[in-house]
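In: Following is a predicted model, sequence given first.
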Amino acid sequence: MKNQRPGILVVVAYFLISLVYNAVVPLWETPDEVGHFGYIVHIVQHRSLPRMEVGHLGEAHQPPLYYLLGALMVAPVNLDDPTGALQHNPRFIWSGGGTEPNIGFHSPEEFQFPYRGWALGLHLVRLLSSLLGTGTVWFVYRVARQIFPNQQTLPALAAATIAFNPQFLFITSSANNDNLLAFTTTGLLWYTLDLQERIAQRVPVSLLRWVGLGGWIWAILMTKWTGLAVVGVAVLALLAVGWQSRQASRMVRGLAIALLLAAVGTSWWWLRNWRLYGDPLGWQAYQQVFAVNLRSTPLTLSDVQAMFRTQYRSLWGVFGWMTVYAPPWFYRVTLWMGGAALLGWTVQIPLRRFRSYNLGGLLFLLAAGLAQEGFLLWIAQRANESMWQGRYLFPVVAPIAVLLAGGWAGWAPRRLKVLLGAFLGLAELGVALFLALVVIRNAYAPPLTPDRVVIPNPVHVQFGDQFLLRGYEVRQRPGQMTVVLYWEALRQPDFDYSVFVHLMQGDQLIGQRDHPPGGDRSHPPTTWHPGELVIDPHPVPVPLCFSGKVEIRTGIYNWMTGERLPILQEGQPVGDWILLSEAPVNPIPHWLLWPSILAIGAVLVYFGLRVFQRPPGCRRAAE
């Protein structure tokens, strides 16, 4: 247990952060969460499994294991209480011409703790997913221990790589059967590695262990069919080990027991599909119901490139219904880290640092990862972009984590691997919290309204029939005056107008700042809603030596034509700009300005002399 403390610490940290994601991500704002929870509600309310129906894009085609577990969590909840139930947003980005990332409207009641009604039910299912994610992280740690048997840092780093992956946290904190699939496939990989070790060492494998293997395969088949590739690689790997150790007949008998148990345990599901839809997979009915998700043209090379690009980004951090992206620097960093891991493995080859690794197990994991990607490419020939999401690689998170951790370790001497692992783990944890508390929460923050904000210096100035200036604020620091404007949308603006702020002394322009209000937060005027309040800061540069009073003027104009919106009073235009106030500019005090300039000059002179000074060795050589 002592040697497993780093892994336990990572698992506990994952669970706590997953609770943060559970609370921060609004209800229904994860891929297909509406359909997954609807499946569970159907089981609870009708005591039966749902059927595929044309015109209803639910999850009825999915095997039921995850949903049966979810129904146990939801059974005590009063679903007659509609608190938190989905209220569709007609401006949702996938609804046809929409521009908003949220699939639903969110009331304050759904965020109030303790939860109740539908909000409580969905949060309980999300908790189930977090528990499954906890198990997945633990199995990743156990798999990494099998690959790096003489290491303590690398298994913990591998577990942290998945535990603090923002996309993994996002999905495993939502209602989604991918979470049970990731748990079962990662468990199967660990179980297979354990069986391989026993067989290679000629340790007898009991009947109970073959039954356990059948249980893992049964659980995968009863969760989601996208885990079939991992099952196939696991079976082939065991056959290969049995052949190498000259125990092929015993291996075949054991695998036959496991596969027979899995087949018998899942037979009722195939028979049900045959009776309802005419084939064991329900494929004919699926083609009719989900025709919108099937390809109508052959897969091209450009499609494959787009698939890899989308898959990569959404493996690490694309949130919402693929509508909320992380900052660009995040994707660049993940790409650099992936490249560093690849180069790290090449560094280890000539130095033979990997001699202590379980190379057979490493090849098995690599084969599982490649098989899963190949399986997804095969599916992509029939399905459209909906199958390009990175979460479909979650069945092989263990191979991904092991390969990344092993590659990064190739750059570090043995004594520094602990420091490297701690640094990378803490950095990943910090990024995961930043994306949850800043990026995701801000993406779904409800619009501000005038009654929710204390507006300084209130005014009431109408620009055209679209904007109302409600107030302003002036802040100063040396070299800059920031004018904060508080705009209310009278209706949804028809153009991304710009706002100008001029600092004037008489007819002389002292400083100026122009930009679309809200544009700095990707919220320009055309995305505003009637009654919404937008806080619009304008940092205006001011000459350091300037002193005196300035007039602060502002107005709105069409940046394409230069035409200004008129200021209206009682429906009549009275001008196209307004004087907000007069404000004194506070220059840098002379007693501080000149010493600062002299100090900077002295530093530059000192370093200049050091650069041009001839080194002693050169002087001796000249002599």
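Out: Cool, the structure landed. Residues are numbered from 1 along each chain as shown.
In: Check the secondary structure at residue 579 for me.
Out: The local conformation at residue 579, judged by DSSP: H, G, I helix; E, B strand; the rest coil, is strand.
In: quick one: the strands in this structure?
Out: Counting by DSSP state E, the chain has strands at residues 318-319, 324-325, 458-463, 467-477, 480-489, 498-505, 508-515, 533-541, 548-557, 567-569, 572-573, 578-585.
In: who does the longest one pair up with?
Out: By that I understand strand 467-477. Sheet pairing of strand 467-477 (DSSP bridges) gives strand 458-463 (antiparallel), strand 480-489 (antiparallel).
In: which ones are touching residue 498?
Out: Counting by C-beta atoms under 8 Å, 6 or more residues apart in numbering, residue 498 touches 514-516, 556-559. (Glycine included, C-beta is placed from N, CA and C.)
In: Tell me which two in the residues you listed are the farthest apart.
Out: Using C-beta to C-beta, the pair of those lying farthest apart is 515 and 558, separated by 13.8 Å.
In: Model confidence at the spatially closest residue to residue 475 that is not a sequence neighbour, what's the number?
Out: Computed as C-beta to C-beta, 6 or more residues apart in numbering, the closest residue to residue 475 that is not its neighbour in sequence is residue 482, at 4.4 Å. If you check residue 482, the pLDDT there is 94.
In: Enumerate every residue touching residue 482.
Out: 474-476, 537-540.
In: And it, how far from residue 495?
Out: 26 Å (C-beta to C-beta, to the nearest Å).
In: Residue 441 too?
Out: According to C-beta to C-beta, residue 441 and residue 495 sit 29 Å apart.
In: re the thing from before, return the most buried member of the strands of the chain.
Out: strand 318-319 (a mean of 25; mean count of other C-beta atoms under 10 Å).
In: ok, residues contacting that one?
Out: 25, 30, 166-167, 170, 310, 324-326, 389-390, 435, 439-440, 443.
In: Most neighbours out of these, which is it?
Out: Counting neighbours by other C-beta atoms under 10 Å, residue 170 leads the contacts of strand 318-319 with 28 neighbours.
In: so what's the nearest residue to it once chain neighbours are set aside bridging to?
Out: Once flanking residues are discounted, residue 170 sits nearest to residue 319: 5.5 Å by C-beta to C-beta, 6+ apart. Applying DSSP bridges to residue 319 gives these bridge partners: residue 324.
In: Pull up the per-residue confidence for residue 319.
Out: 93.
In: State the distance from it to residue 444.
Out: 9 Å.
In: Between these two, which contacts overlap?
Out: In contact with both residue 319 and residue 444: residue 25, using C-beta under 8 Å, 6+ apart.
In: So which of the contacts of residue 482 sits lowest on pLDDT?
Out: Pick the lowest pLDDT in the contacts of residue 482 and you get residue 476, at 89.
In: which residues does that residue form a beta bridge with?
Out: Applying DSSP bridges, one finds that residue 476 bridges with residue 481.
In: Contacts only, for it.
Out: 482, 583, 585-586.
In: where does the stretch 51-200 of the chain dip in pLDDT?
Out: For the stretch 51-200 of the chain, the stretches flagged by pLDDT under 70 are 96-98.
In: For it, just list every one of the helices.
Out: 65-74, 117-147, 153-163, 166-172, 178-200 (DSSP state H, counting those that start in this stretch).
In: Please identify the most buried of those helices.
Out: helix 153-163 comes out most buried of the helices of the stretch 51-200 of the chain by mean count of other C-beta under 10 Å, with a mean of 29.
In: Run the chain-centre distance for it.
Out: 18 Å (C-alpha atoms, centre = their mean, to the nearest Å).
In: and it, what does it pack onto?
Out: Other helices and strands packing on helix 153-163, by 3 or more C-beta pairs under 8 Å, 6 or more residues apart in numbering; DSSP states H and E, are helix 5-24, helix 117-147, helix 397-409, helix 417-434.
In: Can I get those helices in a markdown table including distance to residue 603?
Out: Formatted as a markdown table, the helices and strands packed on helix 153-163 follow (distance: least, C-beta to C-beta, whole Å):
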| stretch | distance to residue 603 |
| --- | --- |
| helix 5-24 | 44 |
| helix 117-147 | 50 |
| helix 397-409 | 39 |
| helix 417-434 | 32 |
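In: Which of the ones you listed sits closest to residue 467?
Out: helix 5-24 (31.9 Å).
In: contacts for that closest one?
Out: By C-beta under 8 Å, 6+ apart, the surrounding residues in contact with helix 5-24 are 123, 126-127, 130-131, 133-134, 137-138, 141-142, 145, 152-153, 155-156, 159-160, 163-164, 169-170, 172-173, 425, 429, 432-433, 436-437, 440-441.
In: Nearest spatial neighbour of residue 559, chain-adjacent residues omitted?
Out: Per C-beta to C-beta, 6+ apart, closest to residue 559 is residue 498, 4.5 Å.
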